[in-house]
Every structure is written in C-alpha cells, then in structure tokens.
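Trainee: the sequence and its predicted three-dimensional model are supplied below.
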Amino acid sequence: MGNTIKLLVLDIDGTISGSANQVNMPVKQAVKVAQAQGVKVAIATGRMYKSALRFHEDIGADCPLISYQGAYIKDPQTQKLVGHWPVEVPLALALIAKFAQLEFSDRLSVHLYMDDCLYMKEVTAASLIYAERSGVEPMPVGDLTEFIKANSHNPPTKILALTDNPAQINQMFETLSKQFTTQELYLTKSQATFFEATNPVANKGTAVKYLAEQVLGLDATQVMTIGDNFNDVEMIQYAGVGVAMGNAPLGLQALANWVAPDVENDGVVAAIEQFILR
C-alpha cells in the first residue's frame with residue numbers, strides 16, 4: 001500500500017494542531033519525509049483562508065489550500081482563487097432569520113464570512129476567544145440581515161453560529177436540518193460548540209475530490225485524508241485511505257479505514273508511518 005498514496009490532506013484543529021494551537025515538530029518532520037517520497041500535501045479546514053495560512057506554511061504544504069469546509073480553495077503560491085462556492089443570498093437571509101427564532105438566540109454569536117473577512121452584529125466574549133485563536137480581526141456591522149442585503153452582490157462564503165453550550169448546537173443542528181434541504185445548505189458541526197453552514201456543493205469531500213482529480217490528475221485510491229470531526233466525514237469517505245484521529249467522535253472513527261492516536265500524541269505521524277512510509 002505504501003507507495004500508492006500521492007496526496008495527503010490534513011485537517012487543522014484536532015488533527016495537526018492541538019490545544020496549543022501549533023503544529024508539533026514531529027508532525028512537520030513526518031510531512032517532510034512524505035513529501036520527499038513524492039507525496040503532495042494539502043490542508044482542508046473549516047477555518048478562514050487567512051487563519052489557515054500559517055498552518056499551510058508551517059507544514060510546507062504544496063497544494064492549493066482548502067478552507068471554509070471546502071467552499072474556498074486558493075493557491076497561496078500564485079494567490080489564484082481555484083474555486084469558490086458561496087451561500088446564496090436568499091438562503092443566508094433565511095438562515096439568519098431561523099437563528100433569531102431559536103429560544104436561545106440571545107446566547108448565539110453569529111459569524112458571517114465574506115471576502116475572507118469576519119463580520120458579526122457585535123463583538124461578544126465568545127467571538128473574541130474565537131478571533132484570538134484564529135488570528136483574525138472581527139468587524140462589528142450591526143444588523144446582519146441589513147448587511148447581507150446591502151452586499152447582495154457579494155454572497156457569504158460561510159455562516160457560523162457559536163454558543164458555549166454543545167446541547168444547544170445539537171438541538172440547532174436537528175431543528176435546522178429539518179428546515180433546510182441538503183440541496184439548499186450543507187450544515188455541519190466542526191466543533192462541539194460550532195454550527196456551520198455552506199453551499200451544499202461545498203464540503204471537504206467535494207473539495208478534496210476537485211483538488212485530486214481536476215487539479216492533480218489523481219484518483220481517490222491515491223488520496224489519504226486525516227480528520228477529527230463530523231465536517232471531515234465526506235473527505236474521509238472519499239479517500240482511498242480515510243483516517244480518523246483518536247480524539248474524533250466515535251461516529252467518525254467508525255467510518256474511517258484506520259484510527260490514529262490522538263492529536264496530543266501526534267497521531268498524524270503514526271498515520272503517515274502506517275500508510276506512506278511503509
């Protein structure tokens with residue numbers, strides 16, 4: 001199996017980056033060894049492009065960067081936008097309206113991403129923590145509905161709602177999954193307290209497929225993906241070798257070909273050794 005992998009796709013949070021929000025040296029070294037064997041390396045993350053860029057550079061990734069759950073693919077080398085699949089404006093407005101109807105709507109922080117910038121009604125404590133971790137300056141714009149309407153020529157790449165209560169996120173996911181079809185919005189939980197919405201054609205699976213087949217001329221059997229949460233399901237199912245981290249929910253681990261040690265124990269290194277260096 002060792003030599004068949006030609007593309008390695010890595011998630012960031014919970015996969016190559018743990019609680020310290022950094023990539024450990026053994027992971028960087030394992031990636032370099034894989035590249036020396038001719039393997040291309042890409043990042044696929046729910047993060048903003050500008051927030052993911054330092055990780056792309058840190059591991060020396062040599063492919064276009066997949067960000068926003070696959071909705072925004074850009075090549076850092078050429079600065080060329082390879083693909084962008086935003087949320088349609090009517091659906092963005094409908095989703096914001098549904099958020100407002102939830103009984104815990106006052107405890108939700110809603111983030112809107114346009115042109116790789118982060119907009120919100122007002123900056124909250126939760127937003128500040130998020131902004132600090134992602135290294136991005138949040139921009140308060142007041143009423144999001146009015147803001148979207150005023151910028152209707154520029155539909156949002158992604159909408160995220162966060163709360164400090166995982167049970168509320170689960171409830172939101174169940175409620176809104178019934179109110180929007182999978183043809184309208186792709187809804188996912190990227191972390192226990194993050195609810196995310198993108199264009200239905202945009203998920204990490206379709207983005208990895210696009211990168212592998214359209215950009216690099218590979219097929220699924222030559223691809224290995226590693227992730228740790230439900231927003232990684234599609235790319236783990238697409239790849240010839242789909243790996244879940246040891247810290248991933250059991251539901252994701254059950255779908256993977258292999259389960260690596262957890263992020264704090266550099267599980268990515270074990271996966272690379274298992275499937276690429278052997």
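Mentor: Structure's in. What do you need?
Trainee: just the C-alphas of the host helix or strand of Val269, formatted as CSV.
Mentor: Secondary structure from DSSP states H and E places Val269 in helix 267-275. Extracted in CSV, the C-alpha atoms of helix 267-275 (Å, rounded to 0.1, in the frame of the first residue of the first chain):
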residue,chain,number,x,y,z
GLY,A,267,-1.5,10.8,15.6
VAL,A,268,-0.7,12.2,12.1
VAL,A,269,2.9,10.9,12.4
ALA,A,270,1.6,7.4,13.1
ALA,A,271,-0.8,7.6,10.1
ILE,A,272,2.0,8.7,7.8
GLU,A,273,4.3,5.9,9.0
GLN,A,274,1.5,3.4,8.6
PHE,A,275,0.3,4.2,5.1
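Trainee: how about whichever strand or helix holds Lys32: buried residues?
Mentor: Per DSSP H and E: Lys32 is located in helix 25-36. Across helix 25-36, burial judged by 16 or more other Cβ atoms under 10 Å covers Val27, Ala30, Val31, Ala34, Gln35. For every residue, glycine as well, the C-beta is placed using N, CA and C.
Trainee: what about the nearest residue to the last one once chain neighbours are set aside, distance to Ser134?
Mentor: Pointing back at Gln35 there. Among residues not flanking Gln35 along the chain, Val41 sits closest, at 6.0 Å (Cβ to Cβ, 6 or more residues apart in numbering). Remark: distance between Val41 and Ser134 (Cβ to Cβ, to the nearest Å) = 22 Å.
Trainee: got it, and Leu53?
Mentor: 11 Å.
Trainee: please apply the same query to Ala42.
Mentor: 19 Å.
Trainee: what of Gly267?
Mentor: From Gly267 to Ser134 the distance is 23 Å (Cβ to Cβ).
Trainee: same question, Ala71
Mentor: 16 Å.
Trainee: may I have the secondary structure class of the spatially most central residue of the chain?
Mentor: In the chain, the centroid-proximal residue (Cα atoms, centre = their mean) is Gly46; its distance is 2.0 Å. Under the three-state scheme (DSSP: H, G, I helix; E, B strand; the rest coil), Gly46 adopts coil.
Trainee: check contacts around it.
Mentor: Gly46 sits next to Asp13, Ser67, Tyr68, Gln69, Lys158, Thr188, Ser190, Phe194, Glu196, Asn231 when contact means Cβ atoms under 8 Å, 6 or more residues apart in numbering.
Trainee: same question for Met235.
Mentor: Val9, Ala44, Asn203, Lys204, Gly205, Ala207, Val208, Thr225, Gly227, Gly242.
Trainee: redo that, cut-off 7 Å
Mentor: Met235 makes contact with Val9, Ala44, Lys204, Gly205, Val208, Thr225, Gly227 under the criterion Cβ atoms under 7 Å, 6 or more residues apart in numbering.
Trainee: what pLDDT does it get?
Mentor: pLDDT, Met235: 98.
Trainee: quick one: the helices in the stretch 51-200 of the chain?
Mentor: Taking DSSP state H, counting those that start in this stretch to define them, one finds helices in the stretch 51-200 of the chain at 89-101, 125-134, 144-150, 166-179.
Trainee: now the ones you listed in a markdown table, with distance to Leu81 and mean neighbour count?
Mentor: As requested, the helices of the stretch 51-200 of the chain are exported to a markdown table (distance: least, Cβ to Cβ, whole Å; neighbours: other Cβ atoms under 10 Å):
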| stretch | distance to Leu81 | mean neighbour count |
| --- | --- | --- |
| helix 89-101 | 19 | 16 |
| helix 125-134 | 20 | 15 |
| helix 144-150 | 21 | 16 |
| helix 166-179 | 29 | 14 |
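Trainee: for Arg278, find the nearest of those helices.
Mentor: helix 125-134 (35.1 Å; Cβ to Cβ).
Trainee: give me the mean pLDDT for that closest one.
Mentor: 84.
Trainee: state the number of residues packed around Asp219.
Mentor: The number of residues packed near Asp219 is 12, by other Cβ atoms under 10 Å.
Trainee: quick one: the helix or strand of the chain with the lowest mean pLDDT to chain centroid distance?
Mentor: Least confident element among the helices and strands of the chain, by mean pLDDT, DSSP states H and E: helix 125-134 (a mean of 84). Distance of helix 125-134 from the chain centroid (Cα atoms, centre = their mean, to the nearest Å) equals 17 Å.
Trainee: give me the contacts around it.
Mentor: For helix 125-134, using Cβ under 7 Å, 6+ apart, the contacting residues are Asn21, Arg47, Met48, Ser51, Ser109, Met120, Glu137, Pro138, Leu162, Asp164.
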